[in-house]
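1. Provided below for reference: sequence and predicted model.
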Amino acid sequence: MNAPVKLSNDEIQAKLKELKGWNWDQETQEIWKVYEQKGYWKTIGFVNSIAWHAQKQVHHPDLKVSFGKCEVRLTTHDCDGISQKDFDLANTIESL
């Protein structure tokens, strides 16, 4: 299996335009978004959905969970940056 390819800054910016509310942390090389839910149980349900899809795609985000909120951060460690894998999972999460 080939290692993921790190996207250029221009590619990242172009792809972010297609994802509502997603941000790019250039220092940590992560794309991220905070999702708000109505209450803790709905947040946990959302987190479990992310976990299922992440496992299926073999790409695991960092998640910060609090009451009614889940911050999702994506990066590709195999290429020390952001790859198409991050955007694929971000698009999946957007569909949840």
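-> Now that the structure is in, tell me what you want to look at. Numbers count the residues shown, from 1 in each chain.
2. from the chain's centroid, how far away is stretch 10-22?
-> For stretch 10-22, the separation from the chain centroid amounts to 12 Å (computed by Cα atoms, centre = their mean, to the nearest Å).
3. any idea how far apart the tips of it sit?
-> 15 Å (Cα to Cα, to the nearest Å).
4. all strands for the protein, in order.
-> Here the chain has its strands, by DSSP state E, at 23-25, 30-36, 62-66, 69-74.
5. I would like the residues contacting stretch 35-46, please.
-> Applying Cβ atoms under 8 Å, 6 or more residues apart in numbering, the contact partners of stretch 35-46 are Val65, Ser66, Phe67, Gly68, Lys69, Cys70, Glu71, Val72, Ile93, Leu96. Just so you know, the C-beta spots here come from the backbone N, C-alpha and C atoms, and that holds for glycine as well.
6. may I see those arranged in CSV, with distance to Ser49 and pLDDT as well?
-> Below are the contacts of stretch 35-46 laid out as CSV (distance: Cβ to Cβ, whole Å; pLDDT from 0 to 100):
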residue, distance to Ser49, pLDDT
Val65, 13, 98
Ser66, 17, 96
Phe67, 18, 95
Gly68, 16, 96
Lys69, 15, 97
Cys70, 10, 98
Glu71, 15, 98
Val72, 11, 98
Ile93, 8, 98
Leu96, 5, 96
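7. what about this protein, any weak spots by pLDDT?
-> Residue ranges of the chain with pLDDT under 70: 1.
8. pull the longest helix from it.
-> The single longest helix within the chain, with elements called by DSSP state H, is helix 40-57.
9. and it, how far from the chain's centre?
-> In terms of Cα atoms, centre = their mean, the centre of helix 40-57 is set 12 Å apart from its chain centre.
10. from here on, call the first residue 282.
-> From this message on, residue numbering opens at 282, which makes the last subject helix 321-338.
11. now it - C-alpha only, PDB.
-> What follows is helix 321-338, C-alpha atoms only, in PDB (Å, rounded to 0.1, in the frame of the first residue of the first chain):
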ATOM      1  CA  TYR A 321     -24.200  14.900  26.000                       C
ATOM      2  CA  TRP A 322     -25.900  11.700  24.700                       C
ATOM      3  CA  LYS A 323     -26.300  13.100  21.200                       C
ATOM      4  CA  THR A 324     -22.700  14.200  21.200                       C
ATOM      5  CA  ILE A 325     -21.600  10.600  22.300                       C
ATOM      6  CA  GLY A 326     -23.800   9.200  19.500                       C
ATOM      7  CA  PHE A 327     -22.100  11.500  17.000                       C
ATOM      8  CA  VAL A 328     -18.600  10.500  18.300                       C
ATOM      9  CA  ASN A 329     -19.600   6.800  18.000                       C
ATOM     10  CA  SER A 330     -20.600   7.400  14.400                       C
ATOM     11  CA  ILE A 331     -17.300   9.100  13.700                       C
ATOM     12  CA  ALA A 332     -15.400   6.200  15.300                       C
ATOM     13  CA  TRP A 333     -17.200   3.600  13.200                       C
ATOM     14  CA  HIS A 334     -16.400   5.500   9.900                       C
ATOM     15  CA  ALA A 335     -12.900   6.200  11.000                       C
ATOM     16  CA  GLN A 336     -12.200   2.500  11.700                       C
ATOM     17  CA  LYS A 337     -13.800   1.600   8.300                       C
ATOM     18  CA  GLN A 338     -11.500   4.100   6.600                       C
END
